[in-house]
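>>> build me a structure from this.
(chains A and B)
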There are 2 protein chains.
Amino acid sequence: MAKSLSDLHCSVARSLDVIGERWTMLVLRDAFNGLTKFDEFAESLPIARNILAARLKTLVDHEVHTRALYQEHPPRYEYRLTPKGAGLYPVLIGLFNWGDEFLAGESGPPVRFNHRNCEAPDAEDAARPESVVVCGGCGEPLGPRDVRRAGRGAPNRSR
Amino acid sequence: MAKSLSDLHCSVARSLDVIGERWTMLVLRDAFNGLTKFDEFAESLPIARNILAARLKTLVDHEVHTRALYQEHPPRYEYRLTPKGAGLYPVLIGLFNWGDEFLAGESGPPVRFNHRNCEAPDAEDAARPESVVVCGGCGEPLGPRDVRRAGRGAPNRSR
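Numbering: from 1, shown residues only, chains lettered A, B, ... in the order given. Now for the predicted structure:
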């Protein structure tokens, strides 16, 4: 039995090995919302400071965030998303969309975001960010039945 | 302190409360790959059968999967994605893309998928499914700086 997700020969498992720990995606949510300082994350997230520090350390170790001293006495650090971290935006928005659509209940989505400069008519409600799956070749929207396993990829029972 | 992610007033947190447990996204990966039977998931995933059963039960409880008897003696069940479950495809592909792009190392992505009927020229390599964030109003690609918090949403420190 594999002890770790990263032992699996699978990009989904490897991604989860970096960002799949409890609270990590909420640290990323706050980072995409513009938070950078340890104390800002600590105020936003209802978790112990040592847990937050451990999650941020993992993200820095994996180059999802950079960490830089912004004040020397006492030492204070800020955390900024790298391009690798920014690459997680579709995952975050996918989770956000799904919660909005299927888990919001009668009171509706808790928080709304809009495309800042949307020029579509009547866009106020429609202009939300949406994570969609498209083909990198032709740009068509894709569902799971539109794709097939392609040539490459080592044989492994963990797909 | 919130004990549970679902206590947070946030669609991302609510989504993670359903699918954020270890191994759950890999159950979903296999479901999107067409697996339906308990024994198929058990063969694919290197986890104990009781853990797998618990993850599937959570998914059925949250109507991500349906569960149906397909054999009576001995009783055997199959699990199928609901439309709510299908709504997680962008999250899965986002994790898949990120692992391919940033975690694959020198040997390259472990498994490749292509758009089955892509008509773009030279599409063999390019025709992979990609999760992208677009505006639901105008269709433009969006990054985190292109969105702003909109009118609705209860005040809460957990964004």
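
>>> middle-most residue in chain A, spatially?
Closest to where the C-alpha atoms of chain A average out (CA atoms, centre = their mean) is residue A:92, at 3.7 Å.

>>> residues in contact with it?
By CB atoms under 8 Å, 6 or more residues apart in numbering or on different chains, the contact list for residue A:92 reads A:25, A:28-29, A:32, B:12. Where C-beta positions appear, they are placed from N, C-alpha and C, glycine not excepted.

>>> quick one: work out the angle between the helix or strand encompassing it and helix B:89-102.
In the assignment (DSSP states H and E), residue A:92 maps to helix A:89-102. For helix A:89-102 against helix B:89-102, the angle by axes from the mean of the first three to the mean of the last three CA atoms, to 10 degrees is 170 degrees.

>>> just to revisit the earlier point, just put the contacts of residue A:92 in CSV and tack on neighbour count and distance to residue B:18.
Below are the contacts of residue A:92 laid out as CSV (neighbours: other CB atoms under 10 Å in any protein chain shown; distance: CB to CB, whole Å):
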residue, neighbour count, distance to residue B:18
A:25, 22, 13
A:28, 23, 18
A:29, 24, 16
A:32, 22, 21
B:12, 30, 11
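
>>> how far off centre is the helix holding residue A:92?
Centroid separation for helix A:89-102 versus its chain: 10 Å, with CA atoms, centre = their mean, to the nearest Å.

>>> list the buried residues for it?
Neighbour counts using 16 or more other CB atoms under 10 Å in any protein chain shown place A:89-100, A:102 of helix A:89-102 among the buried residues.

>>> from these, which two are the most distant?
Pairwise distances across these (CB to CB) peak at 20.4 Å, for the pair A:89 and A:102.

>>> from residue A:56, how far off is residue A:24?
Per CB to CB, to the nearest Å, residue A:24 is found 9 Å from residue A:56.

>>> ok, now residue A:136?
Distance, residue A:136 to residue A:56, using CB to CB: 32 Å.

>>> now do the strands in chain A.
A:65-71, A:76-81, A:111-115, A:129-135, A:147-153 (DSSP state E).

>>> residue contacts, residue A:84?
Contacts of residue A:84 by CB under 8 Å, 6+ apart are A:62-64, B:102.

>>> which residue sits closest to it, ignoring its sequence neighbours?
Leaving aside its sequence neighbours, residue A:84 sits nearest to residue B:102 (CB to CB, 6 or more residues apart in numbering or on different chains; 5.0 Å).
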